[in-house]
Every structure is written in C-alpha cells, then in structure tokens.
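In: Next come a sequence and a model predicted from it.
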Amino acid sequence: IAQRQIVLLPLDISTLVDRQTKQRLSRTVPDILQKNMSAPVLFVIVGKNEPLFEAEIDTHSSLGAPGQNDLSTRQNYFVLHSALDLVEKSAWTTNNMYLRVVDKVNHQQVSTFLTAANVKFMLLHGGKGEEVVKNFFNEVYGYYVKLSMNPFYKYDTPITSKAFEARVRAAARAYLS
C-alpha cells in the first residue's frame with residue numbers, strides 16, 4: 001500500500017478569487033446574514049422529561065406563522081435539544097432565573113430562563129438584545145404562572161391552551177421584532 005503525503009501550503013485567498021467574485025461575495029454574505037437575522041425564532045418550554053410547549057414564531061409577519069423549510073426547522077430543534085446540557089451546567093453557576101445566552105450556533109443564539117420549578121424556557125434567535133430577551137421571558141413567565149394556577153391544568157403536561165399560545169406569539173412580536 002502506497003502512502004500519500006498531503007502538504008498544506010498557506011494560501012492567500014485573494015490570489016484565488018478575482019475581483020468580480022469578491023464583489024459578488026461581498027454582496028452575498030451580508031444578504032445571507034440579514035436573512036438569518038430575520039429568520040423566525042423558536043421558543044420551547046421544557047418540563048422535566050419532555051417539551052411542554054413549542055412555537056416557531058415569524059416576528060416579521062403579522063400572523064406569526066412558521067415560514068421555514070423542514071430541514072432548517074429540524075436543525076433548530078436539534079440546536080435547542082443539544083443546548084439542554086449547557087442549560088443544566090449553567091443552572092449551577094448562577095442564582096438568577098435568566099441564564100442569558102447558553103449556546104451560539106451558526107449566527108444563532110440560545111437564551112434560557114429557568115423557573116423555580118426547573119421548567120426551562122428556551123429561545124433560539126438571531127442575536128436579539130439581552131434586555132429585550134429578558135423582558136420577553138419575564139412576560140411569558142407571567143403567562144406561565146397564570147396558566148399553572150389554573151385548576152384545570154396539570155403540572156408538567158403539554159400546554160394546549162390556544163389563549164396561552166396567542167399571548168406568547170403576541171409577546172414575541174412585541175419584543176423580538
């Protein structure tokens with residue numbers, strides 16, 4: 001068996017890319033970043049063993065309906081799921097309920113709010129301001145407390161209330177647009 005050696009030489013990318021390609025890339029990269037920043041946010045409430053509530057919210061639409069393809073939606077859920085371990089780790093380092101950004105993936109950030117009952121509010125967004133996200137979490141936490149005080153809601157079960165979903169979507173449009 002013959003062995004091959006691969007020699008890596010440092011290259012300057014400017015020698016490989018002509019002026020026209022550079023101009024096209026300089027226009028394309030900001031467009032990609034802008035599309036990513038305006039992408040829908042994904043909000044999930046996670047109980048002890050399962051998600052209790054999920055909402056993909058398009059903050060630039062008046063309806064707040066999901067607008068991404070299936071692959072990116074699955075990728076977003078994967079990012080949130082993989083951040084759960086980081087949430088558990090961050091919970092031991094602070095006494096605050098708002099854990100701030102616990103993970104960053106591909107220009108997206110995962111912010112988390114942890115309730116006293118260890119229910120996690122997770123938000124996947126494209127880099128919103130910290131104070132804005134905190135205000136969003138506080139408002140949704142108020143809605144969650146009101147829901148949990150409802151005698152017809154059993155703790156740690158999926159949230160099926162249409163009124164709760166409408167309020168969360170309205171708060172997302174108000175704070176995260």
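Out: Nice, I can see it.
In: State the pLDDT value of A55.
Out: pLDDT, A55: 95.
In: what sits opposite the nearest residue to it once chain neighbours are set aside in the beta ladder?
Out: Distances taken as Cβ to Cβ, 6 or more residues apart in numbering place F43 nearest to A55, at 4.8 Å, with adjacent residues excluded. Where you see a C-beta, it was placed from the backbone N, CA and C, and this is true even at glycine. F43 has these beta-bridge partners by DSSP bridges: A55, L123.
In: Surely F43 and K120 touch.
Out: No. In this structure, F43 is not within contact of K120 by Cβ atoms under 8 Å, at 11.2 Å.
In: What are the boundaries of the helices in the protein?
Out: 13-16, 19-37, 70-82, 84-91, 130-148, 162-176 (DSSP state H).
In: Export these to JSON lines and append columns for mean neighbour count.
Out: Shown next, in JSON lines, are those (neighbours: other Cβ atoms under 10 Å):
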{"stretch": "helix 13-16", "mean neighbour count": "8"}
{"stretch": "helix 19-37", "mean neighbour count": "10"}
{"stretch": "helix 70-82", "mean neighbour count": "14"}
{"stretch": "helix 84-91", "mean neighbour count": "15"}
{"stretch": "helix 130-148", "mean neighbour count": "17"}
{"stretch": "helix 162-176", "mean neighbour count": "17"}
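In: Of all these, which one comes closest to V110?
Out: Shortest distance between V110 and these, using Cβ to Cβ, is found for helix 70-82: 6.3 Å.
In: and the residue nearest in space to the middle of the chain, what is it in contact with?
Out: The residue lying closest to the centre of the chain (Cα atoms, centre = their mean) is L124, at 0.4 Å. By Cβ atoms under 8 Å, 6 or more residues apart in numbering, the contact list for L124 reads 41-43, 76, 79-80, 108-110.
In: pLDDT value on it, please?
Out: pLDDT, read off for L124, is 95.
In: cool, A39 as well?
Out: 68.
In: for T94, same thing?
Out: 91.
In: No further queries at this time; thank you.
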